[in-house]
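# quick one, fold the following:
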Amino acid sequence: MANQTKTAAKVGGRKNNFVKVKTAKGRKSSSTRWLQRQLNDPYVAEANRQNFRSRAAFKIIQLDEKYKFFGRGKTIVDLGCAPGGWTQIAVQRNKNSGKIVGLDILDTEAIEGATLIKKDFTENDAPDMLFSALDGAEADIVMSDMAANTTGHQSTDHIRTIALVEMAWDFAKQILAKDGIFIAKVFQGGANKELLDDVKLHFKKITHFKPDASRKGSPETYLVAQGFKGRK
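Next up is the predicted model:
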């Protein structure tokens, strides 16, 4: 793996020569805009340089730089892990120790040091599959980058993604170790009050954070709950 930059935030501050993509026959204008954005995205370029699965790796790097939750020997669950960028960073920062389990409805190419499960998290037996993969161990970190497929209607997309966050939280309550951390992607507006109130009951501190690696136009932000108080 290539040498890492000192901090992930510095990646976004790089200025590269702008690449303009010409419209090609048979290619939609939206595809041209997407390709141009990818070619001019410093996080995409750096992810390729460091052999990360996706630019999303820098989101979890920046979250860890701020909250410092990764470390040797951690037990980690990565929900919505495909294509594997967050899991890669977890393995790397665990220094090949502890236990890491990732789950996604999509195929995820194997990552040494992690157990990967292809499964729809909304199916009833998904939590049991995760419990089994952890061999009864509690998790130090439950992190979720899950989001519902977008419809283009912001309010609808927010509601559907919050439903996934609620499911992730219900799972986290059952598996987190004392002082554990829960991280979940939400859209603008954050989690709803009922969910936040429940999370607040179980953690010492709750914040929302948007990494620099999140695209400027993206409505995503991350709920970060620290210091799980334990199950009553």
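# hang on, Ile117 in a helix?
No - secondary structure of Ile117 (DSSP: H, G, I helix; E, B strand; the rest coil): strand, not part of a helix.
# please name the nearest non-neighbouring residue to it.
Leu103 (4.5 Å; C-beta to C-beta, 6 or more residues apart in numbering). Heads up, the C-betas are built off the backbone N, CA and C, glycines and all.
# neighbours of that neighbour, just the number please.
Counted with other C-beta atoms under 10 Å, the neighbours of Leu103 add up to 26.
# give me the neighbour count for Gln88.
Number of residues near Gln88 (other C-beta under 10 Å) recorded here: 27.
# who's in contact with it?
Contact partners of Gln88, counting by C-beta atoms under 8 Å, 6 or more residues apart in numbering, are 52-53, 57, 111.
# how near is it to Asn94?
Applying C-beta to C-beta, to the nearest Å, the value for Gln88 to Asn94 is 11 Å.
# could you dump the contacts of Gln88 to CSV with secondary structure?
Putting these into CSV (three-state DSSP) gives the following:
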residue, secondary structure
Phe52, coil
Arg53, coil
Ala57, helix
Ile111, coil
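# for Arg231, state which of the residues you listed is nearest.
Nearest to Arg231 out of those is Ile111 (C-beta to C-beta; 30.0 Å).
# the closest one against Gly84, yeah?
Yes - Ile111 lies in contact with Gly84 (C-beta atoms under 8 Å); the separation is 5.4 Å.
# please say which of the two ends up with more neighbours.
Counting neighbours by other C-beta under 10 Å for Ile111 and for Gly84 shows that Gly84 has the greater number, 24 against 20.
# who does the longest strand along the chain pair up with?
With secondary structure taken from DSSP state E, the chain has its longest strand at strand 176-187. Note on strand 176-187: by DSSP bridges, its sheet partners are strand 139-144 (parallel), strand 220-228 (antiparallel).
# give the contact list for the residue most central in space within the chain.
Compute the mean C-alpha point of the chain, and by C-alpha atoms, centre = their mean the closest residue is Asp145, 3.3 Å away. Shown here is Asp145, whose contacts under the criterion C-beta under 8 Å, 6+ apart are 56, 59-60, 78-81, 86, 185.
# export the contacts of Gln88 to TSV and tack on pLDDT?
Written out in TSV, the entries for those read as follows (pLDDT from 0 to 100):
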residue	pLDDT
Phe52	93
Arg53	92
Ala57	95
Ile111	97
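# low-confidence ranges, the protein, go.
1-10, 12-41, 188-191 (pLDDT under 70).
# could you pull out the helices for it?
In the chain, the segments counted as helices under DSSP state H are 8-12, 29-39, 42-49, 57-67, 85-93, 126-133, 154-175, 193-202.
# put the alpha carbons of the fifth one into CSV.
Provided in CSV are the C-alpha atoms of helix 85-93 (Å, rounded to 0.1, in the frame of the first residue of the first chain):
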residue,chain,number,x,y,z
GLY,A,85,-13.3,1.1,2.1
TRP,A,86,-14.3,1.4,5.7
THR,A,87,-13.4,-2.2,6.4
GLN,A,88,-10.0,-1.7,4.9
ILE,A,89,-9.3,1.2,7.2
ALA,A,90,-10.6,-0.7,10.3
VAL,A,91,-8.2,-3.6,9.5
GLN,A,92,-5.3,-1.3,8.9
ARG,A,93,-5.8,0.7,12.1
